[in-house]
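Visitor: Fold the following, please.
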Amino acid sequence: MSHHNSILAKIHTSNQTLAQQVKQWQIEGKKVVFTNGCFDLLHRGHVDYLAKAADCGNKLIIGVNTDASVSTLKGPNRPIQDQQSRLQILASLQCVDAVILFDEQTPYNLIKTIEPDVLVKGSDYEPQNIVGYDVVKAKGGEIKTIDFIPGFSTSAIERKIKNN
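Guide: Next comes the predicted model:
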């Protein structure tokens with residue numbers, strides 16, 4: 001398979017199809033990790049976070065906010081990059097096994113459908129307050145938090161660009 005096709009193969013469009021893939025990985029004994037976010041301008045902080053998330057298991061899935069949900073969360077000037085661009089960039093990372101869009105306020109329904117083994121968010125969240133905590137805990141899974149590298153954020157990059 002070409003590199004281009006292998007990237008595109010990581011982009012899922014159906015929660016149900018992704019859930020089937022997760023079940024297959026789990027049958028094979030793989031530990032499936034889920035995280036989510038906007039990932040608007042991919043930067044060092046994102047790459048560090050995603051690599052550490054991937055290290056929490058064998059397969060990493062990223063739920064990516066749609067353009068509409070990014071605008072709701074971050075304001076009318078965001079996202080800077082459209083959802084298809086963000087999906088393809090994330091799918092190109094070696095540590096990422098699957099990406100999928102979600103349009104709701106939170107990825108709760110997606111987490112409920114795919115039932116990952118590990119749920120990962122930044123350490124700015126208390127584990128019990130992470131969306132999907134109840135779903136993952138109920139099936140005996142783990143909830144982990146990862147520290148961010150200070151000073152690396154899309155908002156900081158956006159400010160730097162505007163100020164220059």
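
Visitor: now residue 121, what's its secondary structure?
Guide: strand (DSSP: H, G, I helix; E, B strand; the rest coil).

Visitor: So, low pLDDT: which residues of this protein?
Guide: 152, 155 (pLDDT under 70).

Visitor: where along it do the helices fall?
Guide: 3-9, 15-27, 44-54, 67-74, 83-91, 108-114, 133-138, 154-163 (DSSP state H).

Visitor: So which elements touch the second one?
Guide: Of the remaining helices and strands, those touching helix 15-27 by 3 or more Cβ pairs under 8 Å, 6 or more residues apart in numbering; DSSP states H and E are strand 32-37, strand 59-65, strand 98-102, helix 108-114. Glycine gets a C-beta too; all of them are placed from N, C-alpha and C.

Visitor: rewinding a little: ok, which of the helices of the chain comes nearest residue 145?
Guide: Set against residue 145 and scored by Cβ to Cβ, those come closest in helix 44-54, at 10.2 Å.

Visitor: how far out from the middle of the chain is the closest one?
Guide: Mean-position distance between helix 44-54 and its chain equals 10 Å (Cα atoms, centre = their mean, to the nearest Å).
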